[in-house]
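**Q** give me the fold of what follows.
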Amino acid sequence: LCAGLIGTLIALDRARIAQAETEAALTRARSAEAAAKREARVAAAVSTFLTEDLVGGVNVSIRGDARQLTLLEAIRGAADTIGERFADDPLTEAGVRMALGESLENLAERDAAQQNFDRALALYRDTLGSDSPEALKAEAAAINSRSHRGERIEAQAQMRALIPRMEAALGPEHPATLRAKNTLAILYWLLNQPAEGVPLAEAILASARRTLGAEHQVTLVAGNNLARLYRQQQRFPEAEALHRESIEARIRAHGPVNQLVFEAQNDLAGLYRAWGRYPEAEASYRELLAGYREVLGPRHSSVAVVLNNLARTLANQGRHTEALPLYTEALQISLSPTGFGADHINTAAFRANQAISELALGRAQVARALLIEALTVMDQALPERHPQRLNAIGTLIDAEAALGNHARASQLKGWLAAPAETPAP
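**A** Residues are numbered from 1 along each chain as shown. Next up, the predicted model:
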């Protein structure tokens with residue numbers, strides 16, 4: 001009798017567990033259905049807004065500055081109406097702001113992009129909660145935008161904290177989680193931390209290939225990021241193979257004249273320069289420069305990046321007279337309204353690179369001024385012993401010595417030779 005009673009109780013307990021699991025599954029299904037309906041409604045409203053409010057009536061050119069200006073005018077005009085238009089529909093407003101943020105990023109309007117991502121994040125948090133899928137994706141976009149603005153140390157810390165939350169809410173191999181991990185891998189590369197970046201990038205690439213396929217954009221970005229990190233470890237043949245794979249896949253997906261293709265080709269040219277294959281790097285950069293100018297216009301920030309890279313390649317070969325006007329043009333673009341801005345780390349890098357050629361041509365005073373401006377930004381944006389900052393200090397030592405400031409040069413030399421924890425002079 002007791003055995004029968006125990007068996008009955010066990011059966012009832014199992015039934016209750018099964019019922020609870022069934023109810024939980026139904027709840028998840030209803031939640032997923034509601035989320036899908038919500039996303040479909042928001043997507044339709046966003047599409048209508050972008051079609052009618054944003055680009056309706058705007059004559060958009062296909063290439064060059066005309067396209068950028070007309071799109072910017074349309075976005076700026078529409079942005080002023082978003083809050084009022086969707087006052088009673090915060091989820092749609094958030095979706096519109098995410099779309100505008102992505103468009104503004106592509107147009108190098110980084111401050112405006114950041115504002116839209118931050119507003120979308122606030123709306124999602126208030127409406128759905130901080131750990132909702134929508135809020136997590138918006139937070140990842142806002143951090144990525146912060147990285148593009150040059151706030152790399154802060155962005156790295158924020159992305160490290162976000163990824164575990166995304167893994168818990170979405171899963172470790174969800175496309176949005178993998179995109180966030182890609183951003184962190186890029187930051188490891190930008191901050192010259194390949195020891196941490198390579199294992200992460202290798203894991204991302206393996207996951208993306210398995211779950212999304214070899215041709216998916218997340219997979220291609222992961223491969224390109226791993227190649228960048230391999231380059232920092234001087235694993236040049238492995239990096240070249242990954243870069244070529246990424247370029248070929250992007251051409252198949254987008255055609256040869258596309259910004260995503262250009263970005264991958266710029267990375268391959270950078271590999272050639274680091275490898276000492278200067279003629280190949282120079283030819284690639286010149287071809288890229290023509291492509292970027294045609295597609296994005298002559299004043300786009302990406303043009304400044306390629307000008308700087310081409311100038312560095314010429315300077316590596318001792319061709320400083322040819323490099324100098326390219327540096328000058330890159331810096332002018334970077335300081336223009338369409339550029340990175342005076343306090344961006346890329347602008348600081350352009351100044352430091354130009355200083356090398358100025359010094360080689362006997363203009364130590366000009367070089368010194370450029371380096372002081374560059375280091376003012378680098379001191380805030382980079383770790384103290386980042387190679388970019390160390391190289392700038394090394395050039396400053398040479399400039400101070402050339403100007404007869406031997407005490408200052410000696411002081412800086414002493415710091416370079418001191419243990420890593422020694423405070424900067």
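**Q** the bottom helix or strand of this structure by mean pLDDT?
**A** The helix or strand of the chain with the lowest confidence, counting by mean pLDDT, DSSP states H and E, is helix 64-85 at a mean of 64.
**Q** let me see the mean pLDDT of the helix or strand following that one.
**A** Remark: after helix 64-85, the chain's next helix or strand is helix 90-106, criterion DSSP states H and E. Mean pLDDT, helix 90-106: 89.
**Q** show me what counts as buried in helix 90-106.
**A** Judged by neighbour count (16 or more other C-beta atoms under 10 Å), helix 90-106 contains these buried residues: 90-101, 103-105. Just so you know, the C-beta spots here come from the backbone N, C-alpha and C atoms, and that holds for glycine as well.
**Q** so what's the closest residue to Leu190 other than its chain neighbours up against?
**A** Of all residues not flanking Leu190 in the chain, Arg152 sits nearest, at 5.3 Å (C-beta to C-beta, 6 or more residues apart in numbering). Going by C-beta atoms under 8 Å, 6 or more residues apart in numbering, Arg152 touches 187, 190-191, 345, 381-382.
**Q** ok, of those, which one's closest to Lys181?
**A** Leu187 (10.6 Å; C-beta to C-beta).
**Q** list the buried ones in the helix or strand hosting the closest one?
**A** Using DSSP H and E, Leu187 sits in helix 175-190. Neighbour counts over helix 175-190 (16+ other C-beta under 10 Å) mark 175-190 as buried.
**Q** what is the mean pLDDT for it?
**A** pLDDT averaged over helix 175-190 gives 97.
**Q** pull the residues that contact that helix.
**A** For helix 175-190, contacts defined as C-beta under 8 Å, 6+ apart pick out 133, 136-137, 140, 143-144, 147, 152, 155-156, 159-160, 162-163, 166-167, 170-171, 194, 196-197, 200-201, 203-204, 207-208, 211-212, 216, 218, 221-222, 225-226, 228-229, 232.
**Q** quick one: buried ones out of those?
**A** For the contacts of helix 175-190, buried by 16+ other C-beta under 10 Å: 133, 136-137, 140, 143-144, 147, 152, 155-156, 159, 162-163, 166, 170, 194, 197, 200-201, 203-204, 207-208, 211-212, 216, 218, 221-222, 225-226, 228-229, 232.
**Q** among the residues you listed, which are located in strands?
**A** Among the buried ones among the contacts of helix 175-190, no member is found in strands (DSSP state E).
**Q** out of these, which sit inside helices?
**A** 133, 136-137, 140, 143-144, 147, 152, 155-156, 159, 162-163, 166, 170, 194, 197, 200-201, 203-204, 207-208, 211, 218, 221-222, 225-226, 228-229, 232 (DSSP state H).
**Q** just the CA atoms of stretch 243-262, as CSV, please.
**A** In CSV, the C-alpha atoms belonging to stretch 243-262 read as follows (Å, rounded to 0.1, in the frame of the first residue of the first chain):
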residue,chain,number,x,y,z
HIS,A,243,41.6,39.1,-45.6
ARG,A,244,41.4,37.6,-49.1
GLU,A,245,38.5,35.3,-48.1
SER,A,246,36.6,38.3,-46.7
ILE,A,247,37.2,40.4,-49.8
GLU,A,248,36.1,37.7,-52.2
ALA,A,249,32.9,37.0,-50.2
ARG,A,250,32.0,40.7,-49.9
ILE,A,251,32.5,41.2,-53.7
ARG,A,252,30.1,38.2,-54.3
ALA,A,253,27.6,39.7,-52.0
HIS,A,254,27.8,43.4,-52.9
GLY,A,255,29.8,43.8,-56.1
PRO,A,256,33.3,45.4,-56.3
VAL,A,257,32.3,49.0,-55.8
ASN,A,258,31.0,48.9,-52.3
GLN,A,259,32.1,50.5,-49.0
LEU,A,260,32.3,47.1,-47.2
VAL,A,261,34.6,45.8,-49.9
PHE,A,262,36.7,48.9,-49.7
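**Q** so what touches that stretch?
**A** Applying C-beta under 8 Å, 6+ apart, the set of residues contacting stretch 243-262 is 106, 214-215, 217, 220, 223-224, 227, 264-265, 267-268, 271, 288, 291-292, 294-296, 302.
**Q** could you rerun that using 6 Å?
**A** Outside stretch 243-262, the residues within contact range by C-beta atoms under 6 Å, 6 or more residues apart in numbering are 215, 220, 223-224, 227, 264-265, 267-268, 288, 291-292.
**Q** how far out from the middle of the chain is it?
**A** 18 Å (C-alpha atoms, centre = their mean, to the nearest Å).
**Q** identify each buried residue in stretch 370-378, please.
**A** 370-371, 373-375, 377-378.
**Q** residues making contact with it?
**A** Residues contacting stretch 370-378 (C-beta under 6 Å, 6+ apart): 343, 348, 351-352, 354-355, 389, 392, 395-396.
**Q** widest-spaced pair of the residues you listed?
**A** Farthest pair in the contacts of stretch 370-378, by C-beta to C-beta: Asp343 and Thr395, 20.3 Å.
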